[in-house]
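[1] Kindly generate the corresponding structure for this input.
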Amino acid sequence: MSQERTRTLYILSKMAMDALMTALAFVIGYYLRVVLPFPASPAEVTGFLAYLPMLIVQVLSVLTVFYFNKLYHVARAVSRVDELYTIFGAVSIATMLAVAISALTFKNTIFELDFPRAMILYAWLFGILLVALGREFHRSTWRRLRMRGIGRDRVLVVGDGETAQAIIRKIQWSPYLGYDLAGVIKPNGETHEIPDSLVIGTISELPELIERHHVQEVIIAMPEGTPHYDIVRVVNMCQRGSIAIKIFPDLFEFVTTGVTLDDLGGIPLLNVRDIQLRGWKLSLKRAMDIVGAAVGLVFLSPFMMLFAALIRLESPGPVFYCQERMGLDGRPFQMIKFRSMRQDAEKDGPGWTTKDDPRRTKVGAWLRAKNIDELPQLINVLLGDMSLVGPRPERPIYVQKFRQSIPRYMERHREKAGMTGWAQVNGLRGDTSIAERTKYDLWYVENWSLWLDIKIIVRTILLTLLGPSNKTNAY
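    Residues are numbered from 1 along each chain as shown. Have a look, this model is predicted:
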């Protein structure tokens, strides 16, 4: 099957699933209205066939609103939290639109009838739930098909360095994304990080290589600092048919994502460093921290006591481990963790934890893999030293080292350190690139929102409960 036909089948199957789930939600809403006397028993029960015109309008409204919300774009990896948020808004708008259209269109016709409020409420609620479940089923089905070789795209990576390496690893380790790596193109004919076995040519050969290897998508991941002219030149060389072109943003593009227009007495200025978290937003974030930490400590305390007992039974020493970390404005504080190593783990000085580190205890290794050793930091959050979400704090000895080698590293300290962060939920935790983590931390600092914090917390919980521990870099 050709790629175009596969893409069309993907979109049509997703639309069919949305239509089916919306119709099912409407049917459930009708029968619940009949069975459940809420808000009051129906005075007269109209047969379901009378509501078929409204059902059709509801389905068409959902499909139309979903289309304009770009819910039928082919996406390889979608945040379930973001998708659920979009579905909630789209189904809400579609339901109101369907009611309005039905009321205006069917008035003074044979289809005119009263729309029970409870039925509409049930159809709306179950519409959100069933559409989300249907899309999850659709996603898992297409993942299995892609892993069997159906609907896969051949992708060519143009670039070098850590960024290109990260993209190549993601493609190779995530077959469910549906990408086959056609090869890597060297920038300027040189490569320092990419294995020679993956390199298939140079930039000057790009158009020919795209044709020869039947490439459907090109990902440009040039080293940071590459002149924009060179990137534009690569894009121009990829102008063939319907080939998709994606560019990994450099640090400047990360920072200017939320650029706004300001003025100085009538002189226009571009504001690229408008800190989002200030004023009443600080109070809102602090309130969420207090509530979240208090609730977390109450509900998790039985499990924390169990973990404490296991730690004490396995090895002598304290249950908790306090370590100096650098937080807001570069001020040091004592961060609390469950002890996951032997008591004499740092007798030779501080050092990064490595894979199969002999200093770890058996219980500690499992706690670290699942992030459970971080739970006592809820106390730090309650005391105000940390936040639920923010850049992860580092030890002062490492901060002094990183600030010398990583541009803008200290700007991540403009916000409180967090138990989890944007970098961590995107796979950058433990023994990973500090420079890449800094990019994600700076993006979070300058694009903060309450919804972003909620999304990061939900993703952290899901990764902790469902994520495979063998794919983590936190040893």
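[2] Low-confidence stretches in the stretch 151-300 of the chain?
    Scanning the stretch 151-300 of the chain with the threshold set as pLDDT under 70 gives 188-193, 225, 239-242, 249-279.
[3] Helices along that one, start to end?
    Per DSSP state H, counting those that start in this stretch, the stretch 151-300 of the chain carries helices over the ranges 161-173, 206-212, 228-237, 251-255, 280-314.
[4] Okay, Thr6 and Asp153: tell me how far apart.
    According to CB to CB, to the nearest Å, Thr6 stands 9 Å off from Asp153. Using the backbone N, CA and C atoms, a C-beta is placed for each residue, glycine as well.
[5] Now do the shared contacts for the two.
    Shared contacts of Thr6 and Asp153 (CB atoms under 8 Å, 6 or more residues apart in numbering): none.
[6] domain assignment for this protein?
    3-147, 153-248, 280-471 (automatic domain parsing).
[7] re the thing from before, columns mean neighbour count and distance to Gln404 on top of the helices of the stretch 151-300 of the chain, output as CSV?
    Formatted as CSV, the helices of the stretch 151-300 of the chain follow (neighbours: other CB atoms under 10 Å; distance: least, CB to CB, whole Å):
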stretch, mean neighbour count, distance to Gln404
helix 161-173, 17, 18
helix 206-212, 16, 37
helix 228-237, 13, 27
helix 251-255, 15, 17
helix 280-314, 14, 30
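[8] So which of the ones you listed is nearest Arg359?
    Ranking the helices of the stretch 151-300 of the chain by proximity to Arg359 (CB to CB) places helix 280-314 first, at 13.5 Å.
[9] ok, residues contacting the next helix or strand after the closest one?
    From helix 280-314 onward toward the C-terminus, using DSSP states H and E, the following helix or strand is strand 320-326. The list of residues contacting strand 320-326 from outside it, by CB under 8 Å, 6+ apart, reads 332-341, 376, 393-396, 399, 413, 417.
[10] weakest of the domains of the chain in terms of mean pLDDT?
    Lowest mean pLDDT within the domains of the chain: domain 153-248, at a mean of 80.
[11] So for that domain, first residue to last residue, what's the gap.
    Domain 153-248 has an end-to-end distance of 18 Å (criterion: CA to CA, to the nearest Å).
[12] any chance you could map the strands in this structure?
    153-159, 179-186, 199-202, 217-221, 244-247, 260-264, 267-271, 320-326, 332-338, 387-389, 418-420 (DSSP state E).
[13] could I get those strands as TSV with distance to Val298?
    Formatted as TSV, the strands of the chain follow (distance: least, CB to CB, whole Å):
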stretch	distance to Val298
strand 153-159	48
strand 179-186	44
strand 199-202	55
strand 217-221	45
strand 244-247	45
strand 260-264	41
strand 267-271	42
strand 320-326	19
strand 332-338	17
strand 387-389	15
strand 418-420	16
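[14] Which one of those lies nearest to Ala309?
    strand 332-338 (11.4 Å).
[15] Setting aside sequence-adjacent positions, which residue approaches Asn297 most closely?
    Not Asn; residue 297 is Leu. Leu378 (5.1 Å; CB to CB, 6 or more residues apart in numbering).
[16] Give me the number of neighbouring residues for that neighbour.
    Burial measure for Leu378: 24 neighbouring residues, criterion other CB atoms under 10 Å.
[17] list the contacts for it?
    293, 296-297, 300, 419 are the contacts of Leu378 under CB under 8 Å, 6+ apart.
[18] Over to Gln3?
    Taking CB under 8 Å, 6+ apart, we find Gln3 in contact with 151, 153, 216.
[19] Next: Met386.
    327, 333, 335, 377, 380, 393, 416-419.
[20] Closest to Glu162 out of the residues you listed?
    Nearest member of the contacts of Met386 to Glu162, counting by CB to CB, is Pro393, at 22.6 Å.
[21] I'd guessed that closest one sits against Met419; true?
    No. If you go by CB atoms under 8 Å, Pro393 and Met419 don't touch, sitting 9.8 Å apart.
[22] Would you check how far apart the most centrally placed residue in the chain and Val458 are?
    Using CA atoms, centre = their mean, the residue of the chain that lies closest to the mean C-alpha position is Ser79, 4.7 Å off. Using CB to CB, we find Ser79 at a distance of 9 Å from Val458.
[23] ok, now Lys362?
    Taking CB to CB, one finds Lys362 at 30 Å from Val458.
[24] which of the two has more neighbours?
    Neighbour count, other CB under 10 Å: between Lys362 and Val458, Val458 has more, with 15 against 11.
[25] which residues sit in contact with the residue nearest to the centre of the chain?
    Contacts of Ser79 by CB under 8 Å, 6+ apart are 455, 459.
[26] how far away is it from Ile290?
    Ser79 is 27 Å from Ile290, by CB to CB.
[27] same check, this time on Phe137
    Distance from Phe137 to Ile290, by CB to CB: 39 Å.
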